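Asker: Build me a model from this:
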Amino acid sequence: MTQSRLDKLNASLRVSGLDSIILNPGPTLTYLTGLHFHLMERPVVMLFAKDQIPAIVIPELEMQKVADLPYKLQVFSYPENPAEWDGVFRKAVQALGLDGRKIGVDPRQLRLLEFRHVKNGAPEADFPDASDILAQLRLRKDQAEVDAMRRAVQIAQDALEATLPLIKIGMTEKELAGELVTQLFKHGSESEMPFTPIVSAGPNSANPHASPTERKLQTGDLLVVDWGAAFNGYISDLTRTFAVGEVDEEYQKIHKIVQEANAAGRAAANPGVPCANVDKAARDVIEKAGYGNYFTHRTGHGIGMEGHEEPYMRGDNMQLLEPGMAFTVEPGIYLPGRNGVRIEDNMVVTETGAESLSDMPREMRVVG
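Answerer: The predicted structure is shown next:
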(Lines give C-alpha, C1' and ligand atoms only; values in the text may rest on other atoms or scores of the structure.)
Protein backbone atom coordinates (compact mmCIF):
# COMPACT_ATOMS: atom_id res chain seq x y z
CA MET A 1 0.00 0.00 0.00
CA THR A 2 2.81 2.41 0.85
CA GLN A 3 4.48 1.90 -2.54
CA SER A 4 1.19 2.45 -4.35
CA ARG A 5 0.71 5.73 -2.50
CA LEU A 6 4.23 6.82 -3.39
CA ASP A 7 3.50 5.91 -7.01
CA LYS A 8 0.34 7.99 -6.84
CA LEU A 9 2.34 10.99 -5.60
CA ASN A 10 4.88 10.51 -8.38
CA ALA A 11 2.09 10.43 -10.98
CA SER A 12 0.73 13.69 -9.54
CA LEU A 13 4.16 15.30 -9.73
CA ARG A 14 4.47 14.38 -13.40
CA VAL A 15 1.42 16.47 -14.31
CA SER A 16 1.73 19.19 -11.67
CA GLY A 17 4.57 21.32 -12.98
CA LEU A 18 6.45 20.67 -9.74
CA ASP A 19 9.79 18.87 -9.58
CA SER A 20 9.39 17.71 -6.00
CA ILE A 21 7.50 18.04 -2.75
CA ILE A 22 8.96 18.24 0.74
CA LEU A 23 7.13 17.16 3.89
CA ASN A 24 7.88 17.37 7.57
CA PRO A 25 6.23 15.18 10.26
CA GLY A 26 2.46 15.10 9.98
CA PRO A 27 -0.48 13.16 8.55
CA THR A 28 0.54 13.35 4.90
CA LEU A 29 4.05 12.07 5.58
CA THR A 30 2.60 9.17 7.57
CA TYR A 31 -0.01 8.48 4.87
CA LEU A 32 2.66 8.20 2.18
CA THR A 33 5.40 6.39 4.07
CA GLY A 34 3.95 4.80 7.21
CA LEU A 35 6.59 6.68 9.21
CA HIS A 36 5.76 8.49 12.44
CA PHE A 37 7.91 11.35 13.72
CA HIS A 38 7.19 14.04 16.29
CA LEU A 39 7.59 17.71 15.53
CA MET A 40 10.53 18.71 17.68
CA GLU A 41 13.62 20.89 17.77
CA ARG A 42 15.46 18.43 15.50
CA PRO A 43 14.12 18.84 11.94
CA VAL A 44 12.88 15.89 9.89
CA VAL A 45 12.22 16.37 6.17
CA MET A 46 11.20 13.92 3.47
CA LEU A 47 12.02 14.92 -0.11
CA PHE A 48 9.96 13.40 -2.93
CA ALA A 49 11.39 14.15 -6.35
CA LYS A 50 9.80 13.16 -9.63
CA ASP A 51 10.89 9.70 -10.85
CA GLN A 52 13.57 9.39 -8.15
CA ILE A 53 14.02 7.41 -4.95
CA PRO A 54 12.79 9.62 -2.08
CA ALA A 55 15.25 11.02 0.43
CA ILE A 56 14.85 11.74 4.12
CA VAL A 57 16.89 13.91 6.46
CA ILE A 58 16.68 12.76 10.07
CA PRO A 59 18.65 12.97 13.32
CA GLU A 60 20.90 9.99 13.97
CA LEU A 61 18.75 8.89 16.91
CA GLU A 62 15.86 8.15 14.50
CA MET A 63 17.80 5.76 12.27
CA GLN A 64 16.00 2.67 13.61
CA LYS A 65 12.72 3.98 12.20
CA VAL A 66 13.98 3.80 8.63
CA ALA A 67 15.59 0.37 8.86
CA ASP A 68 14.01 -2.47 6.83
CA LEU A 69 11.40 -0.38 5.03
CA PRO A 70 9.38 -2.07 2.25
CA TYR A 71 10.43 0.62 -0.25
CA LYS A 72 13.68 2.27 -1.28
CA LEU A 73 14.75 5.39 0.58
CA GLN A 74 17.89 7.53 0.59
CA VAL A 75 18.72 8.36 4.20
CA PHE A 76 20.76 11.38 5.29
CA SER A 77 21.33 11.56 9.04
CA TYR A 78 22.85 14.34 11.10
CA PRO A 79 24.49 14.46 14.57
CA GLU A 80 23.47 16.55 17.58
CA ASN A 81 25.57 19.58 16.63
CA PRO A 82 23.23 22.04 14.81
CA ALA A 83 26.22 23.56 13.00
CA GLU A 84 26.41 20.36 10.91
CA TRP A 85 22.74 20.18 9.91
CA ASP A 86 22.83 22.51 6.90
CA GLY A 87 25.57 20.42 5.32
CA VAL A 88 23.48 17.25 5.58
CA PHE A 89 20.43 18.96 4.11
CA ARG A 90 22.59 20.25 1.26
CA LYS A 91 23.74 16.70 0.47
CA ALA A 92 20.14 15.48 0.34
CA VAL A 93 19.04 18.31 -1.92
CA GLN A 94 22.03 17.79 -4.22
CA ALA A 95 21.40 14.03 -4.38
CA LEU A 96 18.01 14.77 -5.95
CA GLY A 97 19.24 17.71 -8.05
CA LEU A 98 16.68 20.13 -6.62
CA ASP A 99 18.52 23.44 -6.57
CA GLY A 100 16.92 25.74 -9.12
CA ARG A 101 13.84 23.51 -9.28
CA LYS A 102 10.23 23.91 -8.12
CA ILE A 103 9.91 22.35 -4.66
CA GLY A 104 6.30 22.20 -3.47
CA VAL A 105 5.52 22.82 0.20
CA ASP A 106 2.55 22.44 2.54
CA PRO A 107 2.21 25.93 4.05
CA ARG A 108 -0.06 24.71 6.87
CA GLN A 109 2.47 22.14 8.06
CA LEU A 110 6.02 23.09 7.09
CA ARG A 111 7.76 25.15 9.75
CA LEU A 112 10.31 27.86 9.22
CA LEU A 113 12.84 25.57 10.93
CA GLU A 114 12.69 22.93 8.19
CA PHE A 115 12.18 25.41 5.37
CA ARG A 116 15.37 27.32 6.19
CA HIS A 117 17.50 24.18 6.07
CA VAL A 118 16.07 23.13 2.70
CA LYS A 119 16.32 26.68 1.38
CA ASN A 120 19.97 26.89 2.41
CA GLY A 121 20.58 23.69 0.49
CA ALA A 122 18.70 24.90 -2.58
CA PRO A 123 19.08 28.70 -2.65
CA GLU A 124 17.96 29.00 -6.29
CA ALA A 125 14.83 26.87 -5.93
CA ASP A 126 11.23 28.09 -5.98
CA PHE A 127 8.86 26.92 -3.27
CA PRO A 128 5.25 27.01 -4.57
CA ASP A 129 2.20 25.98 -2.59
CA ALA A 130 1.47 22.24 -3.06
CA SER A 131 -1.70 22.17 -0.93
CA ASP A 132 -3.99 21.11 -3.77
CA ILE A 133 -1.82 18.15 -4.81
CA LEU A 134 -1.45 16.94 -1.24
CA ALA A 135 -5.16 17.32 -0.50
CA GLN A 136 -6.05 15.23 -3.55
CA LEU A 137 -3.86 12.37 -2.33
CA ARG A 138 -5.95 11.84 0.80
CA LEU A 139 -9.31 13.09 -0.43
CA ARG A 140 -10.93 9.77 -1.34
CA LYS A 141 -10.67 7.15 1.38
CA ASP A 142 -10.26 3.46 0.56
CA GLN A 143 -12.09 0.70 2.41
CA ALA A 144 -9.36 0.24 5.01
CA GLU A 145 -9.46 3.94 5.83
CA VAL A 146 -13.25 3.95 6.10
CA ASP A 147 -13.11 0.89 8.36
CA ALA A 148 -10.64 2.65 10.66
CA MET A 149 -12.86 5.73 10.83
CA ARG A 150 -15.89 3.55 11.51
CA ARG A 151 -14.04 1.99 14.44
CA ALA A 152 -13.01 5.45 15.71
CA VAL A 153 -16.68 6.47 15.63
CA GLN A 154 -17.75 3.38 17.56
CA ILE A 155 -15.07 3.93 20.21
CA ALA A 156 -16.21 7.54 20.64
CA GLN A 157 -19.88 6.62 20.89
CA ASP A 158 -19.25 3.82 23.39
CA ALA A 159 -17.07 6.13 25.49
CA LEU A 160 -19.71 8.85 25.72
CA GLU A 161 -22.47 6.34 26.49
CA ALA A 162 -20.31 5.08 29.37
CA THR A 163 -19.79 8.67 30.56
CA LEU A 164 -23.42 9.84 30.52
CA PRO A 165 -24.46 7.95 33.70
CA LEU A 166 -21.63 9.69 35.56
CA ILE A 167 -22.99 13.18 34.86
CA LYS A 168 -24.31 14.97 37.93
CA ILE A 169 -25.62 18.48 38.51
CA GLY A 170 -22.80 20.41 40.18
CA MET A 171 -20.08 18.60 38.24
CA THR A 172 -17.77 21.01 36.42
CA GLU A 173 -17.20 21.00 32.69
CA LYS A 174 -13.56 20.07 33.33
CA GLU A 175 -14.54 17.14 35.51
CA LEU A 176 -16.90 15.83 32.85
CA ALA A 177 -14.25 16.27 30.15
CA GLY A 178 -11.79 14.30 32.29
CA GLU A 179 -14.26 11.43 32.72
CA LEU A 180 -14.86 11.37 28.97
CA VAL A 181 -11.15 11.25 28.15
CA THR A 182 -10.73 8.34 30.57
CA GLN A 183 -13.56 6.46 28.89
CA LEU A 184 -12.13 7.16 25.43
CA PHE A 185 -8.90 5.48 26.46
CA LYS A 186 -10.73 2.60 28.15
CA HIS A 187 -12.75 1.93 25.02
CA GLY A 188 -9.73 1.82 22.72
CA SER A 189 -8.85 5.29 21.47
CA GLU A 190 -5.22 5.88 20.61
CA SER A 191 -3.44 8.14 23.06
CA GLU A 192 -3.02 10.88 20.46
CA MET A 193 -6.67 11.87 20.22
CA PRO A 194 -7.90 14.13 17.41
CA PHE A 195 -8.63 17.03 19.78
CA THR A 196 -9.41 17.82 23.39
CA PRO A 197 -13.14 17.25 23.95
CA ILE A 198 -15.36 20.31 24.04
CA VAL A 199 -17.66 20.12 27.06
CA SER A 200 -19.69 23.31 27.42
CA ALA A 201 -22.93 24.05 29.23
CA GLY A 202 -25.32 26.97 29.61
CA PRO A 203 -23.88 30.24 28.29
CA ASN A 204 -20.62 28.47 27.40
CA SER A 205 -22.48 26.18 24.98
CA ALA A 206 -23.21 29.24 22.83
CA ASN A 207 -19.48 29.36 21.98
CA PRO A 208 -18.89 26.77 19.21
CA HIS A 209 -15.25 26.24 20.18
CA ALA A 210 -15.45 26.60 23.94
CA SER A 211 -12.91 24.96 26.24
CA PRO A 212 -14.03 23.15 29.41
CA THR A 213 -14.08 25.44 32.44
CA GLU A 214 -14.71 25.23 36.18
CA ARG A 215 -18.36 26.19 35.61
CA LYS A 216 -20.71 23.71 37.27
CA LEU A 217 -23.58 22.06 35.42
CA GLN A 218 -26.93 23.56 36.39
CA THR A 219 -30.55 22.57 35.87
CA GLY A 220 -31.80 24.28 32.71
CA ASP A 221 -28.46 24.09 30.89
CA LEU A 222 -27.99 22.71 27.44
CA LEU A 223 -24.82 20.61 27.45
CA VAL A 224 -22.78 20.39 24.24
CA VAL A 225 -20.25 17.57 23.99
CA ASP A 226 -17.98 17.64 20.93
CA TRP A 227 -15.57 14.72 21.08
CA GLY A 228 -13.74 12.11 19.04
CA ALA A 229 -11.44 9.12 19.11
CA ALA A 230 -8.52 7.88 17.03
CA PHE A 231 -7.95 4.39 15.64
CA ASN A 232 -5.07 3.31 13.37
CA GLY A 233 -4.31 6.95 12.67
CA TYR A 234 -7.87 7.90 11.64
CA ILE A 235 -10.28 9.98 13.65
CA SER A 236 -13.90 10.58 14.52
CA ASP A 237 -15.46 13.95 15.33
CA LEU A 238 -18.96 13.95 16.81
CA THR A 239 -21.25 16.29 18.73
CA ARG A 240 -24.41 15.71 20.75
CA THR A 241 -26.36 18.19 22.86
CA PHE A 242 -28.10 17.17 26.10
CA ALA A 243 -30.53 18.75 28.55
CA VAL A 244 -29.37 19.09 32.13
CA GLY A 245 -32.62 18.45 33.96
CA GLU A 246 -35.63 20.36 32.67
CA VAL A 247 -34.89 23.06 30.08
CA ASP A 248 -36.98 25.93 28.70
CA GLU A 249 -39.31 25.33 25.79
CA GLU A 250 -37.26 27.48 23.40
CA TYR A 251 -34.18 25.35 24.04
CA GLN A 252 -36.17 22.23 23.27
CA LYS A 253 -37.34 23.98 20.09
CA ILE A 254 -33.88 24.91 18.82
CA HIS A 255 -32.62 21.42 19.55
CA LYS A 256 -35.39 20.03 17.33
CA ILE A 257 -34.53 22.54 14.59
CA VAL A 258 -30.85 21.58 14.65
CA GLN A 259 -31.80 17.91 14.60
CA GLU A 260 -33.86 18.54 11.45
CA ALA A 261 -31.04 20.57 9.89
CA ASN A 262 -28.60 17.76 10.59
CA ALA A 263 -30.94 15.27 8.90
CA ALA A 264 -31.35 17.57 5.89
CA GLY A 265 -27.60 17.98 5.51
CA ARG A 266 -27.03 14.25 5.69
CA ALA A 267 -29.79 13.59 3.15
CA ALA A 268 -28.32 16.13 0.70
CA ALA A 269 -24.96 14.34 0.51
CA ASN A 270 -24.71 12.28 -2.67
CA PRO A 271 -22.01 11.64 -5.29
CA GLY A 272 -21.95 14.42 -7.87
CA VAL A 273 -23.54 16.95 -5.51
CA PRO A 274 -21.62 20.17 -4.74
CA CYS A 275 -20.44 20.56 -1.15
CA ALA A 276 -22.37 23.84 -1.12
CA ASN A 277 -25.64 21.92 -1.42
CA VAL A 278 -25.00 20.11 1.87
CA ASP A 279 -24.43 23.45 3.58
CA LYS A 280 -27.53 24.95 1.98
CA ALA A 281 -29.78 22.03 2.93
CA ALA A 282 -28.87 22.32 6.61
CA ARG A 283 -28.81 26.11 6.66
CA ASP A 284 -32.21 26.46 4.98
CA VAL A 285 -33.88 24.58 7.84
CA ILE A 286 -32.39 26.90 10.44
CA GLU A 287 -33.05 30.07 8.43
CA LYS A 288 -36.69 29.15 7.76
CA ALA A 289 -37.14 28.62 11.49
CA GLY A 290 -35.91 32.19 12.11
CA TYR A 291 -32.53 31.36 13.63
CA GLY A 292 -30.27 31.90 10.60
CA ASN A 293 -28.25 34.61 12.35
CA TYR A 294 -27.36 32.14 15.09
CA PHE A 295 -25.79 29.53 12.80
CA THR A 296 -22.36 31.09 12.54
CA HIS A 297 -20.10 28.50 10.86
CA ARG A 298 -19.95 26.18 7.85
CA THR A 299 -21.97 22.97 7.98
CA GLY A 300 -18.99 20.63 7.94
CA HIS A 301 -15.42 19.75 7.10
CA GLY A 302 -13.53 16.77 5.79
CA ILE A 303 -12.16 14.18 8.20
CA GLY A 304 -9.66 11.35 7.96
CA MET A 305 -6.18 11.46 9.41
CA GLU A 306 -6.88 15.04 10.47
CA GLY A 307 -9.84 16.63 12.18
CA HIS A 308 -10.11 19.28 9.47
CA GLU A 309 -9.20 18.48 5.88
CA GLU A 310 -10.78 18.57 2.42
CA PRO A 311 -13.64 18.68 1.47
CA TYR A 312 -15.40 21.57 3.24
CA MET A 313 -19.20 21.85 3.44
CA ARG A 314 -19.29 25.58 2.80
CA GLY A 315 -21.84 27.67 0.93
CA ASP A 316 -19.40 28.80 -1.75
CA ASN A 317 -17.65 25.45 -2.29
CA MET A 318 -18.77 23.95 -5.61
CA GLN A 319 -16.43 20.95 -5.32
CA LEU A 320 -18.39 17.82 -6.23
CA LEU A 321 -18.70 14.99 -3.74
CA GLU A 322 -17.16 11.71 -4.87
CA PRO A 323 -17.23 8.17 -3.44
CA GLY A 324 -14.73 7.84 -0.61
CA MET A 325 -14.93 11.45 0.56
CA ALA A 326 -15.56 11.71 4.30
CA PHE A 327 -16.84 14.74 6.17
CA THR A 328 -18.92 16.05 9.06
CA VAL A 329 -22.44 17.47 9.07
CA GLU A 330 -22.69 19.71 12.14
CA PRO A 331 -25.25 22.52 12.06
CA GLY A 332 -25.79 24.56 15.20
CA ILE A 333 -27.76 27.35 16.81
CA TYR A 334 -25.96 29.53 19.36
CA LEU A 335 -27.88 32.06 21.48
CA PRO A 336 -25.20 34.35 22.99
CA GLY A 337 -25.12 34.42 26.76
CA ARG A 338 -27.84 31.78 26.98
CA ASN A 339 -27.45 28.30 25.44
CA GLY A 340 -26.36 26.56 22.27
CA VAL A 341 -27.01 23.38 20.29
CA ARG A 342 -24.88 21.41 17.82
CA ILE A 343 -25.44 17.93 16.40
CA GLU A 344 -22.60 16.42 14.39
CA ASP A 345 -22.26 13.20 12.44
CA ASN A 346 -19.50 11.65 10.34
CA MET A 347 -20.37 10.83 6.73
CA VAL A 348 -18.73 8.94 3.90
CA VAL A 349 -19.88 9.19 0.28
CA THR A 350 -20.70 5.87 -1.38
CA GLU A 351 -21.34 4.94 -5.02
CA THR A 352 -25.08 5.50 -4.56
CA GLY A 353 -25.40 8.01 -1.71
CA ALA A 354 -23.79 8.73 1.62
CA GLU A 355 -23.55 6.72 4.83
CA SER A 356 -23.48 8.08 8.34
CA LEU A 357 -20.76 6.28 10.27
CA SER A 358 -22.33 7.54 13.50
CA ASP A 359 -25.69 6.45 14.84
CA MET A 360 -25.79 7.63 18.44
CA PRO A 361 -29.29 9.01 19.21
CA ARG A 362 -29.71 12.59 18.06
CA GLU A 363 -32.85 13.34 20.08
CA MET A 364 -32.55 15.49 23.18
CA ARG A 365 -31.67 13.31 26.17
CA VAL A 366 -31.83 14.45 29.78
CA VAL A 367 -28.73 13.98 31.95
CA GLY A 368 -27.83 14.82 35.52
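Asker: Bridge partners for Gly340, pull those for me.
Answerer: Taking DSSP bridges as the rule, Gly340 bridges to Tyr334.
Asker: which residues does it contact?
Answerer: Ser200, Ser205, Ala206, Asn207, Pro208, Leu222, Val224, Thr241, Gly332, Ile333, Tyr334 (C-beta atoms under 8 Å, 6 or more residues apart in numbering). Where you see a C-beta, it was placed from the backbone N, CA and C, and this is true even at glycine.
Asker: Show me how to select, in ChimeraX, the buried members of the residues you listed.
Answerer: In ChimeraX, this line selects whichever of the contacts of Gly340 come out buried by 16 or more other C-beta atoms under 10 Å:
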select :200,205,206,208,222,224,241,332,333,334
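Asker: Pick out whichever of the contacts of Gly340 sits closest to Glu84.
Answerer: Pro208 (47.0 Å; C-beta to C-beta).
Asker: Need the phi and psi values for the closest one.
Answerer: phi -60, psi -30 (degrees, to the nearest 10).
Asker: Is it possible to get CSV of the contacts of Gly340 that adds pLDDT, distance to Pro271 and secondary structure?
Answerer: Below are these laid out as CSV (pLDDT from 0 to 100; distance: C-beta to C-beta, whole Å; DSSP: H, G, I helix; E, B strand; the rest coil):
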residue, pLDDT, distance to Pro271, secondary structure
Ser200, 98, 35, strand
Ser205, 98, 35, helix
Ala206, 98, 36, helix
Asn207, 97, 35, coil
Pro208, 97, 29, coil
Leu222, 98, 35, strand
Val224, 98, 31, strand
Thr241, 98, 30, strand
Gly332, 98, 26, strand
Ile333, 98, 29, strand
Tyr334, 98, 32, strand
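Asker: Going by distance to Asp129, which of the contacts of Gly340 wins?
Answerer: Set against Asp129, the nearest of the contacts of Gly340 by C-beta to C-beta is Pro208 (28.2 Å).
Asker: ok, that closest one - contacts?
Answerer: Counting by C-beta under 8 Å, 6+ apart, Pro208 has contacts Thr296, His297, Gly332, Tyr334, Gly340, Arg342.
Asker: same question, Lys141
Answerer: Shown in contact with Lys141 (C-beta under 8 Å, 6+ apart): Met149, Gly304, Gly324, Met325, Ala326, Val348.
Asker: Next step: these restricted to strands.
Answerer: Ala326, Val348 (DSSP state E).
Asker: Please render the contacts of Gly340 as CSV that adds distance to Val258 to the earlier fields.
Answerer: Listed next are the contacts of Gly340 as CSV, based on distance: C-beta to C-beta, whole Å:
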residue, distance to Val258
Ser200, 15
Ser205, 12
Ala206, 13
Asn207, 16
Pro208, 12
Leu222, 10
Val224, 11
Thr241, 7
Gly332, 6
Ile333, 6
Tyr334, 10
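Asker: tell me the contacts of Met360?
Answerer: Counted by C-beta under 8 Å, 6+ apart, Met360 has contacts Gln157, Leu160, Glu161, Leu238, Arg240.
Asker: now with 7 Å?
Answerer: Residues in contact with Met360 (C-beta atoms under 7 Å, 6 or more residues apart in numbering) are Gln157, Arg240.
Asker: Quickly find the element holding the closest residue to Gly292 other than its chain neighbours.
Answerer: Leaving aside its chain neighbours, Gly292 sits nearest to Ile286 (5.7 Å; criterion: C-beta to C-beta, 6 or more residues apart in numbering). Per DSSP states H and E: Ile286 is located in helix 275-288.
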